[in-house]
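Student: Model the structure of this input:
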Amino acid sequence: MADAPDHPSDHRPHGPGPGPSPADGAARDSADEPGRGPGHAPADAPRGVRLAYAALTAGRDALAAGARRLGWTPALLAYPGYAGPGGARVLGRVLLAPPGVEPSRRRGLPGWRRFLTLELPDQAVEVHLPGTAVTAVSDGSGLLDVVVDAALPPGPTDVRLSAPGVAARPDVRGVVHTAPAGPVRGVVCDVDDTVWVTGLSRPLVAFWRTVARSSAQRHPVPGVAGLLRALVRDEPHAPVVYLSNGTWNLNGPVVRFLRRHRFPAGPVLMTDWGVTPERWFRDGRQHKRDTLERLVRELPHVRWVLVGDDGEHDPAVYRDLAQRHPDAVEAVAVRQVAPGSRPVVDAEGDVPVVSAPDGRALLEALEPHLGRPRRPSTD
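Tutor: Below is the predicted model:
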């Protein structure tokens, strides 16, 4: 079963605890939002994709039926979410698990074992926020992604997930990070080769690090934790969002890695690998573009510093967002993957774009272009 996020109290910034929220709330399924696949392949999808997706779905359903006969029941994972003026985005996943196995409590698994999961679609999940309880349904890949109409105080708020009618399973607790209402700086940060060393420019090395190692064996990119802390040091409850093309199965290990290496707490927005309802493989560039557009739409009062690396397509995706939403982007910071690179200062329109080999050099290059100077923060 997949590794899962720690309890939210293990990964949250210091600050006020949850406060009261309205008793009336409603859930909006996010299935029509970018990044969410429907339960069935659309009729205009390529024929091969439709056949492959149908075969995979049928195989999963057959496995699920057999697992249920063996006594397996729905189990929940809670992923960190975020909230703004339009409500709280609650994230999680529903799996089938054998009796006595709680996926939310498993730790230290090698990478390949995190992919041995049996996701459960169309499962009702009760979402409990302070003063609000709604029922949502997992999508075709077992993902729970729902926007709850709830007014939450700035900072982290506990969320509780439960599966109705599954008495043998404990409720699972997660966290929603709420941005303050006024204008604020936020950070979007890539994960692979920006937060931790993956080596995507060397596919075999990246594959080995992903499937053979646990998060405890991964190494942080020097200086990036300090860079992120410095960017939000003067912004109470500033939103920090981690954006990755990694699979949701790795969400828990990433969350624990961030906490262990003192990165600011925040949601880790990921995707699924393999055949989707519309195509053979998830489009990583489109996933990032769609997620950034959604963040701009749902958190319109935030000006983002976009942090990534030049090992893949972060520079192009970030520059594209700066072109389309220059008022929503304060700066772009790109970590240079190639050894021996030298800092470069550029611009996309009025948005500064800086490149440097590590987090400390990025902060030094960014400081003259930010609203006010930031003191370097040691890792």
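
Student: switch to C-alpha atoms for all contacts and neighbour counts from now on
Tutor: Fine.

Student: Check which helices and strands the helix or strand containing residue 259 sits against.
Tutor: Assigned by DSSP states H and E, residue 259 belongs to helix 251-260. Other elements packing on helix 251-260 under the criterion 3 or more Cα pairs under 8 Å, 6 or more residues apart in numbering; DSSP states H and E are strand 268-271.

Student: Please name every helix or strand in contact with the next helix-or-strand element following the strand it packs on.
Tutor: The C-terminal neighbour of strand 268-271 among helices and strands, as given by DSSP H and E, is helix 284-298. Other helices and strands packing on helix 284-298, by 3+ Cα pairs under 8 Å, 6+ apart, are strand 240-247, helix 314-324.

Student: Mean pLDDT lowest where, among the ones you listed?
Tutor: Looking at the helices and strands packed on helix 284-298, the lowest mean pLDDT belongs to strand 240-247 (a mean of 94).

Student: in it, what's buried?
Tutor: Going by neighbour count (16 or more other Cα atoms under 10 Å), the buried part of strand 240-247 is 240, 241, 242, 243, 244, 245, 246.

Student: Could you report the separation of the residue in the chain sticking out farthest from the centre from residue 99?
Tutor: Using Cα atoms, centre = their mean, the residue of the chain lying farthest from its centre is residue 69. It sits 33.5 Å away. According to Cα to Cα, to the nearest Å, residue 69 and residue 99 sit 12 Å apart.

Student: can you check residue 285 too?
Tutor: From residue 285 to residue 99 the distance is 39 Å (Cα to Cα).

Student: Equivalent analysis for residue 196, please.
Tutor: 35 Å.

Student: before we move on, what about residue 223?
Tutor: 43 Å.

Student: the more surrounded of these two?
Tutor: Neighbour count, other Cα atoms under 10 Å: between residue 223 and residue 99, residue 223 has more, with 21 against 14.

Student: Please report phi then psi for the more buried one.
Tutor: Per-residue torsions, residue 223: phi 80, psi -10 (degrees, to the nearest 10).

Student: I'd assumed residue 359 was in contact with it.
Tutor: Yes - taking Cα atoms under 8 Å as the definition, residue 223 is a contact partner of residue 359 at 3.9 Å.

Student: where do the helices sit along the protein?
Tutor: 47-69, 203-212, 224-232, 251-260, 284-298, 314-324, 359-366 (DSSP state H).

Student: Those helices: which one's closest to residue 271?
Tutor: Nearest to residue 271, of all those, is helix 284-298, at 7.5 Å by Cα to Cα.

Student: Compare the helices and strands packed on helix 284-298 and give me the one nearest residue 302.
Tutor: Nearest to residue 302, of all those, is strand 240-247, at 10.6 Å by Cα to Cα.

Student: now for that closest one, which elements pack on it?
Tutor: strand 184-190, strand 268-271, helix 284-298.

Student: pLDDT of the longest one, averaged?
Tutor: Rounded to a whole number, the mean pLDDT of helix 284-298 is 94.

Student: can you check the first one too?
Tutor: Taken as a whole, strand 184-190 carries a mean pLDDT of 97.

Student: Show me the strands paired with that strand, marking each as parallel or antiparallel.
Tutor: With DSSP bridges as the test, strand 184-190 is paired with strand 240-247 (parallel), strand 302-309 (parallel).

Student: Adding distance to residue 265, write those out as TSV.
Tutor: Listed next are the strands paired with strand 184-190 as TSV, based on distance: least, Cα to Cα, whole Å:
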stretch	distance to residue 265
strand 240-247	7
strand 302-309	15
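
Student: Go through these and name the closest to residue 121.
Tutor: Of all the strands paired with strand 184-190, strand 240-247 comes closest under Cα to Cα, at 16.9 Å.

Student: What lies in contact with the closest one?
Tutor: When contacts are defined by Cα atoms under 8 Å, 6 or more residues apart in numbering, strand 240-247 is touched by residues 186-192, 264-273, 284, 287-288.

Student: what number of residues lie near the residue nearest to residue 185 when sequence neighbours are not counted?
Tutor: Closest residue in space to residue 185, ignoring its immediate chain neighbours: residue 303 at 5.0 Å, by Cα to Cα, 6 or more residues apart in numbering. As a burial measure, residue 303 scores 21 neighbours (other Cα under 10 Å).

Student: Residue 303 and residue 332 touch, don't they?
Tutor: No - using Cα under 8 Å, residue 303 makes no contact with residue 332, being 11.3 Å away.

Student: Surely residue 117 and residue 98 touch.
Tutor: No - contact between residue 117 and residue 98 fails when scored by Cα under 8 Å: they sit 11.1 Å apart.

Student: List the contacts of stretch 86-99.
Tutor: Contacts for stretch 86-99 (Cα under 8 Å, 6+ apart): 1, 64, 67, 70-83, 103, 117-121, 123, 138, 142-152, 159, 176, 178, 298.

Student: What of stretch 60-78?
Tutor: 4-5, 91-99, 102-104, 118, 120, 161-163, 166, 169, 171-175.
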